[in-house]
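Asker: sharing a sequence plus its predicted fold:
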Amino acid sequence: MADSASEQPPAPPLPRAFLDFLEENGLDPSIYSKGDTIPRYIRLKPGCEIWVPGIEAELGCELKRVDWLPGFYAVPPQIKIASSESYKSGKIYGMDAASGAAVLALGVSEGDHVLDLCTAPGAKLCMLSDLLGSSGSLTGVDISRDRLAACRTMLQKYELGDRCRLFIADGTLFSLLPLRSPVNEKSYVTNEADVANIFGEWTSKRSYKDRKAAVKLRNSIGSQLSLTTSEPELFFYGKSSGVVGLRRSELFCAANNAEASSFGYDRVLVDAECTHDGSVKHIQKFEYWGWKTLEHRVLDAKRTNSLMHVQLQLLTNGFGLLKAGGTLVYSTCSLTFAQNEDVIEQFLMENPSAELQAVDASKNWPCRSGKIPNTLRFDPNTSETSGLFVAKFTKYLTLVHTLGGLNVIYNVFDPGASAMTFLIRNPQSMWSMTWFLPRMKKRQVTVGHEVLFQSADNQCIIHLWIGI
Ligand SMILES: C[S@@+](CC[C@H](N)C(=O)[O-])C[C@H]1O[C@@H](n2cnc3c(N)ncnc32)[C@H](O)[C@@H]1O
């Protein structure tokens, strides 16, 4: 009997330039012959488990539960779901398991305020919304109007838009906080001019004034991909998103990093724009588009450099909007070092309050470690999924202090808690100390070799002497 490998049609040869590119990135070319064998994944809308037998009957295949990822099922790769009634009626989503893992890595809990900085077309946004349930808030940002329109359609189809707001904006500049902070607390409206300037319930039919303003903004921007203004355009908002009843000036109130540390998002997803080389199906399309196009879109060093620049800016800005103690996940569907580990290394160098964290759930995931410990790589060979890179960060509240030419950083985690960890970093070493402090409220940093921490009731004063 012929084995299953010999039944597959031989994969077309990959061009030399692409093979060199794979070698440079430590990638096995065999992953690009897997496109027709890796399963297609389906995510079930929570509460639709009872429909599994009906969905199986309609799709004509078994839904195999993905043991390591709740709510996900594998079906044979040739199964088409878009025309099925189960899909049209919003019982199932088409979503790769690796993408589901990136969302799960974020550790969303009910009540969280979540930012998805590159949100369209919205598969991850929908999963985030399902995880949030009926509390917290969700803010999706994308630079592409067309893609965001598809995203809005998804939210409406799956009835997930209630706590969500969508903005057309450049994620490298977006600076609006979730609607819970004193900075944009709703104020009492007194006169008629104010009433006219208040967001009512969302409708697709916008006022003439609104449409005119949007056209003016679009014309001033030129092309969407060269959006240079920090002014976001509100594209959609749900009834419970916090927008209804707010004045325009209150919604578009930008925040600085210090405000974001206290009032920012609990969770930020930066699923950055990339060369998509981890998607085997995407690379296979170049057989038809021509390998020359691949050289331009994927292998071109100039394009990679400009993408890396955007990726670093997206990550940096997303991190700036994160609350201290919050979690950020950076992911790309590229498997190159340049768009993943190199971006992260640069980011960590420039952001001392960022710490790379292990994804605890990943112990049971079929993925491997990236070049930097705690980062994860999914690929068709290891995971039977599309390729994806995932890194998780947390944010400390940081006081930077220079001592004798050494940059010493005091990372104060969760200033409201009774336990604090101080990490003192210098190029040679790192110490970590934990104190348990009664109601620590006020911090003072003196210049020199002494740091003074003082509690609100003056009962506890700690002098930290640095002896380097
Ligand atoms: C990998 S896709 C995101 C996929 C999405 N997270 C999902 O799960 O469906 C990257 C997205 O980033 C958007 N994008 C590119 N540059 C951007 C920028 N500067 N700011 C915001 N979005 C950007 C693209 O329009 C694209 O929709």
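Answerer: Perfect, thanks for sending it.

Asker: distance of the nearest residue to Glu384 once chain neighbours are set aside relative to the ligand?
Answerer: What sits nearest to Glu384 in space, not counting adjacent residues and going by C-beta to C-beta, 6 or more residues apart in numbering, is Ile38, at 5.2 Å. C-betas here are computed from N, CA, C, even on glycine. Per C-beta to the nearest ligand atom, to the nearest Å, Ile38 is found 18 Å from the ligand.

Asker: spell out which parts of the stretch 51-200 of the chain neighbour the ligand.
Answerer: Taking C-beta under 6 Å from any ligand atom as the contact definition, the stretch 51-200 of the chain meets the ligand at 99, 118-124, 141-144, 147, 170-172.

Asker: and the residue nearest to Glu384, what is it in contact with?
Answerer: Ile38 is in contact with 77, 280, 380, 384-386, counting by C-beta atoms under 8 Å, 6 or more residues apart in numbering.

Asker: of all those residues, which comes closest to Asp271?
Answerer: Proximity of those to Asp271, judged by C-beta to C-beta, is greatest for Ser386, which lies at 12.9 Å.

Asker: what's the neighbour count on that closest one?
Answerer: Counted with other C-beta atoms under 10 Å, the burial measure for Ser386 works out to 24 neighbours.

Asker: can you check Leu173 too?
Answerer: One way to gauge burial is a neighbour count; for Leu173, by other C-beta under 10 Å, it gives 17.

Asker: ok, Glu110 next?
Answerer: Neighbourhood size, Glu110 [other C-beta under 10 Å]: 10.

Asker: find the nearest non-adjacent residue to it, please.
Answerer: For Glu110, the nearest residue in space outside its immediate sequence neighbours is Ser135; the separation is 4.8 Å by C-beta to C-beta, 6+ apart.

Asker: now rank the contacts of Ile38 by neighbours and give me the top one.
Answerer: Using other C-beta under 10 Å as the neighbour test, these are led by Thr385, with 27 neighbours.

Asker: and Leu328, which helix or strand is it part of?
Answerer: Secondary structure assigned from DSSP states H and E places Leu328 in strand 322-332.

Asker: oh sorry, the question was meant for Leu22
Answerer: Of the helices and strands defined by DSSP H and E, Leu22 is found in helix 16-24.

Asker: tell me the pLDDT at Phe21?
Answerer: In the predicted model, Phe21 carries a pLDDT score of 86.

Asker: wait, it sits on Leu299?
Answerer: Yes: taking C-beta atoms under 8 Å as the contact criterion, Phe21 and Leu299 are neighbours in contact, 5.3 Å apart.

Asker: OK, contacts around the closest residue to the ligand within the stretch 351-468 of the chain?
Answerer: Scanning the stretch 351-468 of the chain for the residue nearest the ligand gives Leu388, at 9.9 Å (criterion: C-beta to the nearest ligand atom). With contacts taken as C-beta under 8 Å, 6+ apart, Leu388 has the following neighbours: 96, 98-99, 101-102, 278, 331-333, 377-378.

Asker: which one of the residues you listed is nearest to Met349?
Answerer: Thr332 (19.0 Å).

Asker: what bridges to that closest one?
Answerer: Under DSSP bridges, the beta-bridge partners of Thr332 are Phe389.

Asker: residues near it, how many?
Answerer: Using other C-beta under 10 Å, Thr332 has 27 neighbouring residues.

Asker: Leu388: what's its closest spatial neighbour, skipping adjacent residues?
Answerer: Taking C-beta to C-beta, 6+ apart as the measure, Leu388 lies nearest to Ala98, with 3.8 Å between them; neighbours along the chain are not counted.

Asker: quick one: pLDDT of that neighbour?
Answerer: Ala98 is assigned a predicted lDDT (pLDDT) of 98.

Asker: could you measure from it over to the ligand?
Answerer: Distance check for Ala98 against the ligand: by C-beta to the nearest ligand atom, it reads 11 Å.

Asker: quick one: the strands in the stretch 1-150 of the chain?
Answerer: Taking DSSP state E, counting those that start in this stretch, the strands of the stretch 1-150 of the chain run over residues 40-44, 64-65, 72-75, 92-94, 113-116, 137-142.

Asker: for the fifth one, C-alpha coordinates in CSV please.
Answerer: Spelled out, that is strand 113-116. Coordinates of the C-alpha atoms in strand 113-116 are reproduced here as CSV (Å, rounded to 0.1, in the frame of the first residue of the first chain):
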residue,chain,number,x,y,z
HIS,A,113,-10.5,46.9,28.8
VAL,A,114,-8.8,45.5,25.7
LEU,A,115,-7.1,47.2,22.7
ASP,A,116,-6.5,45.4,19.4
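
Asker: surely Ser386 and Asp96 touch.
Answerer: Yes: with contacts defined as C-beta under 8 Å, Ser386 counts as touching Asp96 at a distance of 4.6 Å.

Asker: so who does Ala260 touch?
Answerer: With contacts defined as C-beta under 8 Å, 6+ apart, the neighbours of Ala260 are 177, 320-323.

Asker: and which of those is nearest the ligand?
Answerer: Comparing every one of the contacts of Ala260 with the ligand (C-beta to the nearest ligand atom), the shortest separation belongs to Leu321, at 12.8 Å.

Asker: isn't the closest one right up against Phe174?
Answerer: Yes: counting by C-beta under 8 Å, Phe174 is a contact partner of Leu321 at 7.4 Å.

Asker: neighbour-wise, which of the two wins?
Answerer: In this view Leu321 and Phe174 are compared by other C-beta under 10 Å, and Leu321 has more residues nearby, 27 against 21.

Asker: show me the contacts for the more buried one.
Answerer: With contact set as C-beta under 8 Å, 6+ apart, Leu321 has these partners: 115, 174-175, 177, 255, 260, 264-265, 268.

Asker: much appreciated, bye for now.
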